[in-house]
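**Q** Structure for the following, please:
(2 chains)
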Amino acid sequence: MADIYGKDLPRGATVALPLAGVALLVAGWHAVAVYVVGDPTLLPTPLQMFTALWTWIAGGGFLPHMMATLYGTLGGLALGASLGFAAGVLVAEIRYLDRSVYPMVLALQAMPVVAIAPLVIVWFGIGLASKVALVAIGTFFVMFIHTVAGMHAAAGELIDMCKAFGGTRWRIVREVKIKHSLNYVFSGLEICSALSFILCVVGEFIAAPNGLGYYVKAASSDINASGMFAAIAVLAALASLLALLVRFVHRHVVFWQFRKA
Amino acid sequence: MTMFANAAGDFLRRLLPIVLLVAVWWALVWALDVPSRLMPSPPEVGRRIYDGLVVTGDLWAHLWSTTEATLLGFLLGGGLAIVVGSTLAMSRTLELLAYPLVVLIQSVPKVSVAPLILLWAGFDIRSTVILVALICFFPIFVGTFVGVRAAPPVLVDLFSTLNAGRFATFLHCNLPHAAGSIFAGMEVGWGFALVGCVVMEFITGLSGAGFLIQNSANNLDAETAVAAMVLLGVLGFIGGALLQQAKRRLVFWEGSARHG
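**A** Numbers count the residues shown, from 1 in each chain, chains lettered A, B, ... in the order given. Below you'll find the model as predicted:
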């Protein structure tokens, strides 16, 4: 087989090259920060970023902000995702709703959901409630669409067979359709895990008494790039952790999709 | 004649959900008796849009600045994504080398860098363009990379049998094969691009639909805020429709298979 992509690398290159990439990345960042910018209030070196993070944690100012963001994100995600799933199951099962509501929600998707953030703050006030509401609204629609698509994807033969063996409607929904939808549901949940942090942070940008998004924006006004980098790094770590967790649960719950043939 | 009827029917079928949506919205506002400073009814928003676009014309400036920044950022981010995605897909060495950077870019919630970009680029359209480019880069990059690598090995073998160089193979085999996937990435990217633009406008507060939404929400002028949201939805819809049209023209060989 032809190898135009250069896949016949020597053994060990698949480990050595990414490591070299990490080294290049860190060295390049450091070099730009020291020799090009030369001002830690605009661009900190990697080390300065970690120092800033450490003093922030040690000073005790870090934990309240992180917890505020986590409460908003996870609370909104739990609320929006579970409601979206329940609504998706219901709508996919009721023919008239499926024909009317599903296309409506798809049409609504053209609008970026973050645009609603200032209105949500007017509705729910500045604080945890508006963050939870914003995240819940955004994740609801994603979960709803994925659940309905998943319920539609259930194999017709299986449903027919279940009917032939006298399965009740509820049983078909539970044993065939919901089980089939799970793969879609978890893909939706993975999208939601990234989306929920984004929405929470946007809510905190606009108006919030605390949270990592609030901190990043406040640090921007203070011209404190080290603090911003530290907060963004924490956000990236939290979002990655949540995505990994979702993927882990996905593999265990929908194990048959990942079984090796 | 039948073709025309089909097209008209297709258009109506697309419009129907939006009509239903407006009806539900109107019914909810009317039934719950929501005050219009919290959530206006469709006719109020319609009148505001009509006023803003036809009578006073005050919405045009905001609509234009949002469109301009989104479009510029989308072109910048999309162009970079296609070039970088193709390069990394065609060279496994570069792919492995750039892997940590890709993971890094993917793991950071892009929106959270907005204040940082503001600090670097200032209160200017440049900030918005950069954030938009950063946000829409990733889906288009993934679409390009996956599409280029997915070229059928048999075809790639044929090219190398005919002594085609790597670039010629890319240009005539991998790239046409990736085109559908690139367009799929661009459709996702356009939605992301609007998000980036709106968030930056929230923060800079200079102009644009995002500024309009936030400013009018603060003044309890929900009519203007919802009007701006509707216009954003229209922008998202037009962008998606244009991309689908371009895909049907440019990647015509995939059209019939994907359309059904």
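**Q** Packing partners of the one helix or strand residue B:25 maps to?
**A** Per DSSP states H and E, residue B:25 falls inside helix B:2-32. If you count contacts as 3 or more CB pairs under 8 Å, 6 or more residues apart in numbering or on different chains; DSSP states H and E, helix B:2-32 packs onto helix A:95-108, helix B:42-50. In short, each C-beta sits where N, CA and C put it, glycine included.
**Q** For residue B:164, which of those is the nearest?
**A** Among these, the nearest to residue B:164 by CB to CB is helix A:95-108 (42.6 Å).
**Q** what comes up buried for the closest one?
**A** A:98, A:100, A:101, A:102, A:103, A:104, A:105, A:107 (16 or more other CB atoms under 10 Å in any protein chain shown).
**Q** Name the residues that touch the helix or strand just after that helix?
**A** Going down the chain from helix A:95-108, the next helix or strand is helix A:117-124, by DSSP H and E. Applying CB atoms under 8 Å, 6 or more residues apart in numbering or on different chains, the contact partners of helix A:117-124 are A:130, A:133-134, A:137, A:199, A:202-203, A:206-207, B:38-39, B:202, B:213-214, B:217-218, B:220, B:222, B:225-226, B:229.
**Q** same thing with stretch A:216-226?
**A** If you take CB under 8 Å, 6+ apart as the criterion, stretch A:216-226 is touched by A:40-44, A:48-49, A:51-52, A:201, A:204-205, A:227-228, A:231-232, B:112, B:115-116, B:118-119, B:203.
**Q** mind checking the end-to-end distance for it?
**A** 10 Å (CA to CA, to the nearest Å).
**Q** ok so, going back, of the buried residues of helix A:95-108, list those near chain B.
**A** Restricting these to those touching chain B (CB under 8 Å from any CB of the partner chain) yields A:100, A:103, A:104, A:107.
**Q** how about a markdown table for the residues you listed, with pLDDT and distance to residue B:92 added?
**A** Listed next are those as a markdown table, based on pLDDT from 0 to 100; distance: CB to CB, whole Å:
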| residue | pLDDT | distance to residue B:92 |
| --- | --- | --- |
| A:100 | 84 | 49 |
| A:103 | 86 | 43 |
| A:104 | 87 | 45 |
| A:107 | 83 | 42 |
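**Q** Now distance to residue B:132 too, for these, in CSV please.
**A** Shown next, in CSV, are those (distance: CB to CB, whole Å):
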residue, distance to residue B:132
A:100, 34
A:103, 29
A:104, 28
A:107, 24
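**Q** low-scoring pLDDT stretches of the chain, where are they?
**A** Here I'm looking at chain A. Residues of chain A meeting the criterion pLDDT under 70: A:1-3, A:260-261.
**Q** wrong chain, I was asking about chain B
**A** Low-confidence segments of chain B (pLDDT under 70): B:1-5, B:255-260.
**Q** Which positions in the stretch 51-200 of chain A make contact with chain B?
**A** Counting by CB under 8 Å from any CB, the stretch 51-200 of chain A sits next to chain B at A:100, A:103-104, A:106-119, A:121-123, A:194, A:197-198.
**Q** which of those count as buried?
**A** For these, buried by 16+ other CB under 10 Å: A:100, A:103-104, A:107, A:109-119, A:121-123, A:194, A:197-198.
**Q** From residue A:124, how far off is the residue lying closest to residue B:34 once chain neighbours are set aside?
**A** Once flanking residues are discounted, residue B:34 sits nearest to residue B:28: 7.6 Å by CB to CB, 6 or more residues apart in numbering or on different chains. The gap separating residue B:28 from residue A:124 is 18 Å, by CB to CB, to the nearest Å.
**Q** How about residue B:169?
**A** If you go by CB to CB, the gap between residue B:169 and residue A:124 works out to 56 Å.
**Q** And residue B:98, by the same measure?
**A** For residue B:98, the distance to residue A:124 - CB to CB - is 42 Å.
**Q** again, but for residue A:225
**A** Here residue A:225 is placed at a distance of 32 Å from residue A:124 (CB to CB).
**Q** Compare those two (neighbour count), which wins?
**A** Each of residue A:225 and residue A:124 has its neighbours counted (other CB atoms under 10 Å in any protein chain shown); residue A:225 has more, 25 against 16.
**Q** What angle do helix A:117-124 and the helix or strand hosting residue A:131 make with each other?
**A** For residue A:131, the element it lies in under DSSP H and E is helix A:128-152. Orientation check (axes from the mean of the first three to the mean of the last three CA atoms, to 10 degrees): helix A:128-152 against helix A:117-124 gives 120 degrees.
**Q** and of the buried residues of helix A:95-108, the nearest to residue B:197?
**A** For the buried residues of helix A:95-108, the nearest to residue B:197 is residue A:107 (20.8 Å; CB to CB).
**Q** which stretches of chain B form helices?
**A** Ranges of helices within chain B are B:2-32, B:42-50, B:59-90, B:92-107, B:114-121, B:125-149, B:153-161, B:166-169, B:175-204, B:209-218, B:222-250, B:252-259, based on DSSP state H.
**Q** between the longest one and helix B:42-50, how many degrees?
**A** If I follow you right, that is helix B:59-90. 90 degrees.
**Q** which helices and strands sit right next to helix B:59-90?
**A** Going by 3+ CB pairs under 8 Å, 6+ apart, helix B:59-90 lies up against helix B:92-107, helix B:125-149, helix B:175-204, helix B:209-218, helix B:222-250.
**Q** Identify each buried residue in the second one, please.
**A** Using 16+ other CB under 10 Å as the test for burial, helix B:125-149 gives B:125, B:127-149.
**Q** any residue of it up close to chain A?
**A** Yes - part of helix B:125-149 sits near chain A under the criterion CB under 8 Å from any CB, namely residue B:149.
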